[in-house]
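> Below are the sequence and a predicted model; questions follow.
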Amino acid sequence: MTNKQEESKQYKKWLIKIFIITFILSAVFNSTASEAVENLNIYWSVLILILVILAGIISDMLATAVTAASEAPFHAKAADKKKGAKEAVKLIKNADKVSNVCGDVIGDICGVLSGATGALIAVEIAELMGQDDITLSTLVVTATITALTVLGKGIGKRIGLTKTDKVVYALGRVIAFMKIK
């Protein structure tokens, strides 16, 4: 088998693996978040929604930074035994997979979660206002979620592109810290 055939085979395995992982994570997070939001008051529901939106924004920023990063600065840090530098190099070497997980898997799950959470919040707002028709509250909530997400991702992409090394190094340090624990 040639090197290209082996790469193609490995890539297909990766796609199947990421499909299964995404399916399971999405099902678990959606059911958990929906259950939690249904049983909370509106203030806690909004807090959960904000955290989900932030998670999507941060994961998108990480995907952008890892894709744009260069290995060279991290090899020097790794030679100096800086915590997180080896992890940063590994992230950059696997930028396509890291970008897929951060930007697509986590980002899309957060998008679905924010939509589902927003729908539950819209129903709650309509009930608090004594309205049977949830059209207006749904429109306002979904438009707000979309606008905040797009604004946040725009800011996150800018940070990911202008502070690439800092973002990737921070992620590398978090991964190194998690390995210790």
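Perfect, I can see it now.

> Phi first, then psi, for residue 41.
The phi/psi pair for residue 41 (degrees, to the nearest 10) reads phi -80, psi 170.

> right, I mislabeled it, should have said residue 94
Residue torsions, per degrees, to the nearest 10, at residue 94 are phi -110, psi 30.

> can you give me the end-to-end distance of stretch 63-80?
Stretch 63-80 has its terminal residues 26 Å apart, counting by Cα to Cα, to the nearest Å.

> So which bits of it are buried?
63, 64, 65, 66, 67, 68, 69, 71, 73, 74, 77, 78 (16 or more other Cβ atoms under 10 Å). (C-beta placed from N, C-alpha, C; glycine too.)

> On the three-state scheme, residue 78 is what?
helix (DSSP: H, G, I helix; E, B strand; the rest coil).

> Settle this for me: it is touching residue 87, isn't it.
No: under the criterion of Cβ atoms under 8 Å, residue 78 makes no contact with residue 87, lying 9.2 Å away.

> residue ranges of the helices in this protein, please?
3-38, 42-68, 72-79, 85-93, 95-99, 107-128, 135-162, 164-180 (DSSP state H).

> Quick one: mean pLDDT for the shortest one?
Right, the one you point to is helix 95-99. When pLDDT is averaged over helix 95-99, the result is 92.

> what's next to it, contact-wise?
For helix 95-99, the external contacting residues (Cβ atoms under 8 Å, 6 or more residues apart in numbering) are 14, 62, 63, 64, 66, 67, 69, 91.

> For the second one, give its distance to residue 28.
Computed as Cβ to Cβ, to the nearest Å, the residue 62 to residue 28 distance reads 21 Å.
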